[in-house]
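Peer 1: Sequence and predicted model, in that order:
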Amino acid sequence: MERMLERNLVLKILSACLAVLLWLQATAISGPALPQTVRDIPVQYRNLASGLVLLSGPASVNVTVRGRSDLVRHLSRDGFTAFVDLRGAGLGRSTFTVSVEGPEGIIIGPIAPDNLPVDIDAWDNRQVPVAIYTLGSPGTDHAMKDHQTRPTDLYVEGPRSAVQLVSHVVAKVDISGATQTIARTVVVRPVNAEGAEVQGVTVTPSTVDVQVSIVRLPPARQVSVRANLQGRPAAGYVQGEAVVVPAEARMWAQSTVGDVLRYLWTHPIDIEGATGTVERDVLLLVPEGVDKVEPVLVHVTVPVTEVTEERELGEVPIKMTDLGPNLRARLEPQFVALTVSGPRSALAALDVSEIEVRASLAGLAAGTHQVRLTIVLPQELTLKSSAPVEVKAVLETL
């Protein structure tokens, strides 16, 4: 009995050693289970209901996986599929869990990020008009008479939030230098009410046939341009004569209107409440019956200055300068009366101490002399009169 037990124990020990040897051999061949991060796996969106559209852009995730070294060693993102199940999703933004599937024998670990925000909108379409936008100007003595498109309306489709922004579609046509009717097929683009292009929608069809009629005009006439001023400057300010550059424009008209027009107006220029010069680049108004004007844009300068007034200053002290050595002097009179002009605000704030009245005694010897006064005013002010203009200087030896 004891011999049988010893024999069984030996067999068990041998079996255990054999198992360890087999495990060591398998590990040497395949290697231990190792972690690895697979990066930038693109995310698929599945099971989105009919009539809905995905607004969210492309997304990707990273995933940490484990497996035998011989399997992990050759992994790439192409062997994995990351997806979001949108079954039951509605309009608006929601957050969904990301799932990842990988090769057989690979254990999927943490996913980063493990959920994604998704924006969903309804699919929509509507009919909008076609508008022609011309670039440039026809050749000399020619004008655009009219234009037309075929078709006149197109369909836009896409996410409802984008489709509702579309006001119309635009067909751009360059008519620079044209002297005859233009007919061409033009690709259109969808725009909003402000003229900005709307992204994410499709226009059907994507092109229209455009015809722009160009006609020859009678010889041009030269007419003056007048600034169309609206409003008044602020209280205490006055408006000067507006200067228009260029002061004249050329005008073409097939009707008799051109025979009686002597000038063209600009679009309105608002000077209401202005406290300084107003400058604008302004379009010219084209009267009915006039086919073309050049230039279409002029520069207008409207001088606006503060009201100019006068102020009398009764006794401004006179300062003697440049008196020679060993001399003393006195002035008769010692004060001067001034009249100055300038902006109302500058006159109101003027202090006599800001005015310098000088009598220069440079080079004068003892005796009586007539000395002309030098008057220095603040920059904004102008001297209108001085009483007196000269003073008597009496110089005596010390």
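Peer 2: Nice, I can see it.
Peer 1: use CA for all of it now, contacts and neighbours both
Peer 2: Will do.
Peer 1: Quick one: list the elements packing against the one helix or strand residue 369 maps to.
Peer 2: Using DSSP states H and E, the element containing residue 369 is strand 367-372. Packing partners of strand 367-372 (3 or more C-alpha pairs under 8 Å, 6 or more residues apart in numbering; DSSP states H and E): strand 356-360, strand 390-397.
Peer 1: TSV please, covering those and showing mean pLDDT and distance to residue 264.
Peer 2: Converted to TSV, the helices and strands packed on strand 367-372 look like this (pLDDT from 0 to 100; distance: least, C-alpha to C-alpha, whole Å):
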stretch	mean pLDDT	distance to residue 264
strand 356-360	95	51
strand 390-397	94	56
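Peer 1: Surely residue 111 and residue 65 touch.
Peer 2: No. Using C-alpha atoms under 8 Å, residue 111 is not in contact with residue 65, being 9.3 Å away.
Peer 1: Could you list the domains of the chain?
Peer 2: 1-30, 33-43+59-113, 123-216, 221-306, 308-397 (automatic domain parsing).
Peer 1: Tabulate those (JSON lines), appending distance to residue 52 and mean neighbour count.
Peer 2: Supplementary listing: those in JSON lines, determined by distance: least, C-alpha to C-alpha, whole Å; neighbours: other C-alpha atoms under 10 Å:
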{"stretch": "domain 1-30", "distance to residue 52": "48", "mean neighbour count": "11"}
{"stretch": "domain 33-43+59-113", "distance to residue 52": "8", "mean neighbour count": "16"}
{"stretch": "domain 123-216", "distance to residue 52": "5", "mean neighbour count": "17"}
{"stretch": "domain 221-306", "distance to residue 52": "47", "mean neighbour count": "16"}
{"stretch": "domain 308-397", "distance to residue 52": "68", "mean neighbour count": "15"}
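Peer 1: my read: residue 311 touches residue 339, true?
Peer 2: Yes. Using C-alpha under 8 Å, residue 311 is in contact with residue 339, at 5.7 Å.
Peer 1: all strands of the stretch 251-398 of the chain, in order?
Peer 2: 263-265, 269-270, 278-283, 292-294, 297-302, 304-306, 308-321, 327-332, 335-343, 356-360, 367-372, 374-376, 382-387, 390-397 (DSSP state E, counting those that start in this stretch).
Peer 1: helices or strands up against the second one?
Peer 2: The one in question is strand 269-270. Short answer (3+ C-alpha pairs under 8 Å, 6+ apart): strand 269-270 packs on strand 229-230.
Peer 1: Can you give the distance of the helix or strand following the strand it packs on from its chain's centre?
Peer 2: Past strand 229-230, further along toward the C-terminus, the next helix or strand under DSSP H and E is strand 237-239. Distance, stretch centre to chain centre, for strand 237-239: 33 Å (C-alpha atoms, centre = their mean, to the nearest Å).
Peer 1: Where does the closest residue to residue 264 other than its chain neighbours sit, in terms of helix or strand?
Peer 2: Counting by C-alpha to C-alpha, 6 or more residues apart in numbering, residue 225 is the residue found nearest to residue 264 once chain neighbours are left out, at 4.9 Å. Assigned by DSSP H and E, residue 225 belongs to strand 221-226.
Peer 1: got the CA coordinates for that strand in CSV?
Peer 2: Taking Å, rounded to 0.1, in the frame of the first residue of the first chain, the C-alpha atoms of strand 221-226 are listed here in CSV:
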residue,chain,number,x,y,z
ARG,A,221,-23.1,113.6,-71.7
GLN,A,222,-21.0,115.1,-69.0
VAL,A,223,-23.1,116.2,-66.0
SER,A,224,-22.2,117.6,-62.6
VAL,A,225,-22.6,115.6,-59.3
ARG,A,226,-24.3,117.0,-56.2
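Peer 1: Which neighbouring elements make contact with that strand?
Peer 2: Checked by 3+ C-alpha pairs under 8 Å, 6+ apart, strand 221-226 has strand 248-252, strand 263-265 packed alongside it.
Peer 1: Quick check on residue 163: phi, psi?
Peer 2: phi -60, psi -40 (degrees, to the nearest 10).
Peer 1: quick check: angle from the strand holding residue 225 to strand 297-302?
Peer 2: 40 degrees (axes from the mean of the first three to the mean of the last three C-alpha atoms, to 10 degrees).
Peer 1: Strand 221-226 to strand 248-252, inter-axis angle?
Peer 2: 130 degrees.
Peer 1: What's the mean pLDDT across strand 221-226?
Peer 2: What strand 221-226 shows for mean pLDDT is 93.
Peer 1: list the contacts for the residue nearest to residue 229 when sequence neighbours are not counted?
Peer 2: Counting by C-alpha to C-alpha, 6+ apart, residue 229 lies nearest to residue 269, which is 4.9 Å off, once chain neighbours are set aside. Residue 269 sits next to 227-230, 280, 282 when contact means C-alpha atoms under 8 Å, 6 or more residues apart in numbering.
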